[in-house]
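Asker: predicted model, plus sequence, below.
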Amino acid sequence: MFQQSEETLNREELRQLQSNRLKKTVKRVYERVPFYRKQLEDRGIHPDTFRGVEQLELLPFTRKADLRETYPFGLFSVPTGDCLRLHASSGTKGKPTVVGYTRTDLQSWAEVCARAIVTAGGKRGDVFHNAYGYGLFTGGLGMHAGAEMAGVTVVPASGGNRSRQITLIEDFQPRGIAGTPSFILSLAETMEQMGKDPRSTSLEYGIFGAEPWSEEMRKALEERWGIDALDIYGLSEVVGPGVAIECREEKNGLHIAEDHFLAEVVDPSTGEPLPDGEEGELVFTSLTKEAIPLLRYRTGDIASLDRKPCPCGRTHARMSRIKGRLDDMLIIRGVNMFPSEAERLVLAQKELAPHYQLVVERVGMLDKLTVEVEMSQDSDRLSAQQLSGRLRELFKEGLGVTVEVILHPSKTLPRSEGKAVRVIDRRGEVKI
């Protein structure tokens, strides 16, 4: 472990640590963030009488809309001059969300990312190929700092440029790799097209995130590369990558850095807390952030919690893999589904390549979903008509959704250069 004393605290010790840090966070935002001061006063909460974790449910929720409405620095608890770095979202669905980091924040962030790399199997002296994008996106720089703190040699490859990435992997001999699962899978495909075997590289473990991915995608990555594929979770509003990571020993839930982040799961409709093991919306409260501490931030991600200790020895709560995001959920003729559920069905078919897109259109008064997939190179056993029929049946039986299926020749759908575009929503397009 990278920080064994912190990662193996018993529940009583951890709860006391969380309470102490939560009380300091509440005091900080009450005194420094007018938005939160009003929210707390409206609920009759004052830092002098707040008792910590036992009163967590009294605190207000924070939503992404709150960051956008207070854009750019309305939720900051320090002057921007005290921040060493600013990051921001792309702003494709409205104003970007802006987050800042003090020197202490950057140190804490590097620590949780270093934990993540060690939890995934990294060790001092490794070469680590970082294919997350660098820039305003938090992935690249977050994992870079964590790798350096863990004593790992970083190759800051960033995204794109597959042929160069392959050369770097072959020449620099990394043990670990990080990136979006769709992009790393496309790297393996490019190697195979070049007549090379991805399993022959030096890679032993991979840390994949920034987009929901399924167990079927894990299987595809592990088979193509001959590695252990681990899921990492993070979001810029909370800190970036490093909020939680699977351990290489179990691959059974992501260990949350509970000394830094207080986790809940709530009913997406009512906001009521849900018991461990039940799926709902993930909510995080930051416990150590200085620049932009958030209370009960509703992530929009669907998962469950398990607080039982893991056989690997870590005692922090584990979250399930993300089923999907509320704002990514598709509602097709009254049926709710997540893109990751479609991925599970597509990737389970050996005759299909692990690349797909979901196209949603409005036909008359109803929505229509078309699943566009690729034939794999070993799909001669079944005709295109048989494959299309099978996939339609699987979607109907497994998800309750009627779909159209379009089969494309091998290597024709767009490949990921970073985050994969899985859903194309054309319902807002005007057809002439």
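Answerer: Done, it's in.

Asker: what's the domain layout of the protein?
Answerer: Dividing the chain into domains by automatic domain parsing, as the record does, gives the ranges 1-325, 329-425.

Asker: tell me the mean pLDDT over the shortest one?
Answerer: Per-region confidence: domain 329-425 scores 86 on mean pLDDT.

Asker: could you pull out the helices for the stretch 51-200 of the chain?
Answerer: If you assign secondary structure with DSSP state H, counting those that start in this stretch, the helices in the stretch 51-200 of the chain sit at 64-69, 103-119, 138-149, 162-172, 181-193.

Asker: out of those helices, nearest to residue 16?
Answerer: Go through the helices of the stretch 51-200 of the chain one by one with Cβ to Cβ and the one that ends up closest to residue 16 is helix 103-119, at 19.2 Å. Where you see a C-beta, it was placed from the backbone N, CA and C, and this is true even at glycine.

Asker: about what we covered before: need the domains of the chain in TSV (columns: mean neighbour count).
Answerer: Output for the domains of the chain, formatted as TSV (neighbours: other Cβ atoms under 10 Å):
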stretch	mean neighbour count
domain 1-325	19
domain 329-425	17
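
Asker: lowest average pLDDT across those?
Answerer: Within those, the stretch with the lowest mean pLDDT is domain 329-425, showing a mean of 86.

Asker: circling back to that earlier point, CSV for the helices of the stretch 51-200 of the chain, including distance to residue 57?
Answerer: As requested, the helices of the stretch 51-200 of the chain are arranged in CSV below (distance: least, Cβ to Cβ, whole Å):
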stretch, distance to residue 57
helix 64-69, 18
helix 103-119, 25
helix 138-149, 29
helix 162-172, 46
helix 181-193, 35
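
Asker: which of the ones you listed sits closest to residue 201?
Answerer: Each of those was scored for nearness to residue 201 using Cβ to Cβ, and the closest is helix 162-172 (5.5 Å).

Asker: elements contacting that closest one?
Answerer: Applying 3 or more Cβ pairs under 8 Å, 6 or more residues apart in numbering; DSSP states H and E, one finds that helix 162-172 contacts strand 127-130, helix 181-193.

Asker: what pairs with the first one, parallel or antiparallel?
Answerer: What that stands for is strand 127-130. strand 153-155 (parallel), strand 176-179 (parallel) (DSSP bridges).

Asker: what are the contacting residues of it?
Answerer: By Cβ atoms under 8 Å, 6 or more residues apart in numbering, the residues outside strand 127-130 that reach it are 117, 122, 140, 143-144, 147, 152-158, 165, 168-169, 172-179, 202-203.

Asker: kindly export the lengthiest strand in the chain (C-alpha atoms) in CSV.
Answerer: With residue count as the measure and DSSP state E as the assignment, the chain has strand 352-363 as its longest strand. The C-alpha coordinates for strand 352-363 follow below in CSV (Å, rounded to 0.1, in the frame of the first residue of the first chain):
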residue,chain,number,x,y,z
LEU,A,352,-18.9,-8.3,-33.3
ALA,A,353,-15.9,-5.9,-32.9
PRO,A,354,-15.9,-4.0,-29.5
HIS,A,355,-16.9,-0.7,-31.2
TYR,A,356,-20.4,0.6,-31.3
GLN,A,357,-22.6,3.7,-31.5
LEU,A,358,-26.2,4.3,-30.4
VAL,A,359,-28.2,6.7,-32.6
VAL,A,360,-31.4,8.1,-31.2
GLU,A,361,-33.9,9.8,-33.6
ARG,A,362,-37.5,11.1,-33.4
VAL,A,363,-39.8,9.3,-35.8
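
Asker: who does residue 404 bridge with?
Answerer: In this structure, residue 404 has the following beta-bridge partners (DSSP bridges): residue 370.

Asker: my guess is it contacts residue 369. True?
Answerer: Yes: under the criterion of Cβ atoms under 8 Å, residue 404 lies in contact with residue 369, with a separation of 7.3 Å.

Asker: strands of the stretch 1-150 of the chain, start to end?
Answerer: Taking DSSP state E, counting those that start in this stretch as the criterion, the stretch 1-150 of the chain contains strands spanning 85-88, 98-101, 127-130.

Asker: on that earlier part again, report the angle between the longest strand of the chain and helix 181-193.
Answerer: Note on geometry: by axes from the mean of the first three to the mean of the last three Cα atoms, to 10 degrees, strand 352-363 and helix 181-193 are set 130 degrees apart in direction.

Asker: check which helices and strands strand 352-363 is in contact with.
Answerer: Using 3+ Cβ pairs under 8 Å, 6+ apart, the elements in contact with strand 352-363 are helix 215-225, strand 330-332, helix 339-347, strand 366-375, strand 423-425.

Asker: between the third one and helix 215-225, how big is the angle?
Answerer: Interaxial angle of helix 339-347 relative to helix 215-225 (the same axes, to 10 degrees): 50 degrees.

Asker: what about the biggest helix by length in the chain, distance to the chain center?
Answerer: Secondary structure of the chain read by DSSP state H shows that its longest helix is helix 11-32. Chain-centre distance of helix 11-32: 25 Å, with Cα atoms, centre = their mean, to the nearest Å.

Asker: ok, now stretch 33-49?
Answerer: Once both centres are worked out by Cα atoms, centre = their mean, stretch 33-49 turns out to sit 31 Å from its chain's centre.

Asker: could you check how far the closest residue to residue 419 other than its chain neighbours is from residue 232?
Answerer: The spatially closest residue to residue 419, leaving aside those adjacent along the chain, is residue 211, at 5.2 Å (Cβ to Cβ, 6 or more residues apart in numbering). Per Cβ to Cβ, to the nearest Å, residue 211 is found 11 Å from residue 232.

Asker: columns distance to residue 14 on top of the helices and strands packed on strand 352-363, output as TSV?
Answerer: As requested, those are exported to TSV (distance: least, Cβ to Cβ, whole Å):
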stretch	distance to residue 14
helix 215-225	29
strand 330-332	38
helix 339-347	30
strand 366-375	44
strand 423-425	38
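
Asker: contact partners for the nearest residue to residue 78 once chain neighbours are set aside?
Answerer: The spatially closest residue to residue 78, leaving aside those adjacent along the chain, is residue 291, at 5.3 Å (Cβ to Cβ, 6+ apart). With contacts defined as Cβ under 8 Å, 6+ apart, residue 291 is in contact with 76, 77, 78, 82, 83, 99, 100, 101, 102, 105.

Asker: of those residues, closest to residue 41?
Answerer: Within the contacts of residue 291, distances to residue 41 taken as Cβ to Cβ reach their minimum at residue 77, with 16.6 Å.

Asker: these two touch, right, that closest one and residue 295?
Answerer: No: counting by Cβ under 8 Å, no contact exists between residue 77 and residue 295, whose distance comes to 11.5 Å.

Asker: hey, what's in contact with both of the two?
Answerer: Counting by Cβ under 8 Å, 6+ apart, the contacts common to residue 77 and residue 295 are residue 29.

Asker: with that, I have no additional questions.
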